[in-house]
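Peer 1: next comes the sequence, and after it the predicted model I'd like to discuss.
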Amino acid sequence: MREISIKCLEVIVLFSMIMYLLLEQQWWLLCLFCTFVFCIIIHVRQNRSKIAHDLCEISEMLEQILQEKPVQCNCKNDDSLFDKIRIQILRIDEIKEANKKMLEKEHNSIKQLLAEISHQLRTPLANMENYLALLDNEEISMNEKKEYVQAVERAEQKIKFLVEKFMIAARMEKKIIQIHKLSQSLKETIAGAVFQVYKRAEEKQIYVKILEKSKGDYFIFHDRNWICESVYNLLDNSIKYSPQGTCVQIVLNDNDMFTEICVEDEGIGIMPGEENRMFQLYYRGNNISGQEGYGMGLYITREIVQAHGGFMKVQRKNQGLKVSIFLPKVGT
């Protein structure tokens, strides 16, 4: 109603002005006034037509987003309100596409994780089922029963190990691990990792040696549990893929910015070009044959180190592999 009243008032004012000029016989002013009014009317109609065209284009862009089609836009970069709206719609479409890709990536990651869990658990579960069925046979001897029970226990331990590793890998992939860093001795952390692999190294007659390239107390801020897990993964791989009677070295080195933990072995190593691929989840080297493994250790290790603000480096050798962890020192 207010808009109608304003329009009526505008018409009355225009009509009154024209009548006044006619009565006063101001012909040149009347022509000038009519020309001015005509130009204003043409300009308003053109603006209305442009606004209607811009609104239709914006409506089409929104419809394309709703139908999940590629958004097409003709931005004129004239800093007008409609151009800004077009750019904002394009940004919304880009954000939507990025979120869609992220959801697809997460979906594929979950599918891969479930497939890998199913694949890795199938063998130990089948072993447990077979040995439990053998235990039901009343004719087997006590020694056989003991052997079957031990086999079931090994399968159970393998399942427990796999579940723990899968849970850690999933948490690492979703970036939801919690790091609690304290200033503590890195030597004690490494000693804890060595203790965990000592029995297995002894069985293969592999000598684990710790060397210090630089003198110092090696007190740095780190989460002992997680860094111990990282060093354990490196040692576990070195012992697993090294021949009997060889040596695995842990070398500690200090510089102004980083403390390096280097694990060096005399094992089968990796093929050229595999240095960066070693950290991919579930990736296993091309020259590994007949060795049990799951391709999670180095991935977990790198995620832990990155959560500490550090980085890792892999170096091939003529015989063996050299893997280094670099942890930042206080104040860097």
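Peer 2: All right, it came through fine.

Peer 1: quick one: strands adjacent to the helix or strand encompassing Ile261?
Peer 2: Per DSSP states H and E, Ile261 falls inside strand 258-264. Note on strand 258-264: by DSSP bridges, its sheet partners are strand 247-254 (antiparallel), strand 321-328 (antiparallel).

Peer 1: in the first one, what's buried?
Peer 2: By neighbour count, with 16 or more other CB atoms under 10 Å as the criterion, the buried positions of strand 247-254 are Val248, Gln249, Ile250, Val251, Leu252, Asn253, Asp254. For every residue, glycine as well, the C-beta is placed using N, CA and C.

Peer 1: how far off centre is it?
Peer 2: 31 Å (CA atoms, centre = their mean, to the nearest Å).

Peer 1: roughly how far does Asp93 sit from Ile58?
Peer 2: 13 Å (CB to CB, to the nearest Å).

Peer 1: so for those two, which sits in the more crowded spot?
Peer 2: It is Asp93, of Asp93 and Ile58, that has more neighbours when counted by other CB atoms under 10 Å, with 19 against 15.

Peer 1: measure the more buried one to Leu162 for me?
Peer 2: From Asp93 to Leu162 the distance is 42 Å (CB to CB).

Peer 1: now swap in Val248 and tell me
Peer 2: 24 Å.

Peer 1: same thing with Phe279?
Peer 2: Taking CB to CB, one finds Phe279 at 20 Å from Leu162.

Peer 1: what's the answer for Val263, then?
Peer 2: 23 Å.

Peer 1: those two: which is more packed in?
Peer 2: Ranked by neighbour count (other CB under 10 Å), Val263 and Leu162 place Val263 first, with 24 against 17.

Peer 1: got a list of what that one touches?
Peer 2: Val231, Leu234, Leu235, Ser238, Val248, Gln249, Ile250, Lys322, Val323, Ser324 (CB atoms under 8 Å, 6 or more residues apart in numbering).

Peer 1: what would those residues look like in JSON lines with pLDDT and distance to Gly295?
Peer 2: Shown next, in JSON lines, are these (pLDDT from 0 to 100; distance: CB to CB, whole Å):
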{"residue": "Val231", "pLDDT": "93", "distance to Gly295": "19"}
{"residue": "Leu234", "pLDDT": "91", "distance to Gly295": "14"}
{"residue": "Leu235", "pLDDT": "92", "distance to Gly295": "17"}
{"residue": "Ser238", "pLDDT": "89", "distance to Gly295": "16"}
{"residue": "Val248", "pLDDT": "92", "distance to Gly295": "20"}
{"residue": "Gln249", "pLDDT": "92", "distance to Gly295": "24"}
{"residue": "Ile250", "pLDDT": "93", "distance to Gly295": "23"}
{"residue": "Lys322", "pLDDT": "91", "distance to Gly295": "20"}
{"residue": "Val323", "pLDDT": "91", "distance to Gly295": "15"}
{"residue": "Ser324", "pLDDT": "92", "distance to Gly295": "20"}
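
Peer 1: could you pick out the buried ones from the residues you listed?
Peer 2: Of the contacts of Val263, these count as buried by 16+ other CB under 10 Å: Val231, Leu234, Leu235, Ser238, Val248, Gln249, Ile250, Lys322, Val323, Ser324.

Peer 1: specify which member of the contacts of Val263 is nearest to Ser183.
Peer 2: Sorting the contacts of Val263 by how near they are to Ser183, with CB to CB, puts Val231 at the top with 18.1 Å.

Peer 1: which secondary structure state does the closest one sit in?
Peer 2: Following DSSP: H, G, I helix; E, B strand; the rest coil, Val231 is assigned to helix.

Peer 1: am I right that it is in contact with Ile325?
Peer 2: Yes. Val231 is in contact with Ile325 according to CB atoms under 8 Å; the separation is 7.4 Å.

Peer 1: find residues that contact each of the two.
Peer 2: With CB under 8 Å, 6+ apart as the test, Val231 and Ile325 both reach Ile261.

Peer 1: got the contact list for Leu121?
Peer 2: Ile159, Leu162.

Peer 1: what's the helix or strand for it?
Peer 2: Using DSSP H and E, Leu121 falls in helix 81-135.

Peer 1: that older thread, what residues of the strand holding Ile261 count as buried?
Peer 2: So, applying 16+ other CB under 10 Å, buried residues of strand 258-264: Phe258, Thr259, Glu260, Ile261, Cys262, Val263, Glu264.

Peer 1: just list the residues touching the spatially closest residue to the third one that is not a sequence neighbour, thanks.
Peer 2: Nearest-residue entry for Glu260: Asn253, 4.3 Å, with adjacent residues in sequence omitted and distances by CB to CB, 6 or more residues apart in numbering. Asn253 is in contact with Glu212, Lys213, Ser214, Thr259, Glu260, Cys262, counting by CB under 8 Å, 6+ apart.

Peer 1: 10 Å instead?
Peer 2: The neighbours of Asn253, taking CB atoms under 10 Å, 6 or more residues apart in numbering as the test, are Leu211, Glu212, Lys213, Ser214, Gly216, Tyr218, Thr259, Glu260, Ile261, Cys262, Ser324, Phe326.

Peer 1: show the average pLDDT along the helix holding Leu121.
Peer 2: For helix 81-135, the mean per-residue pLDDT is 75.
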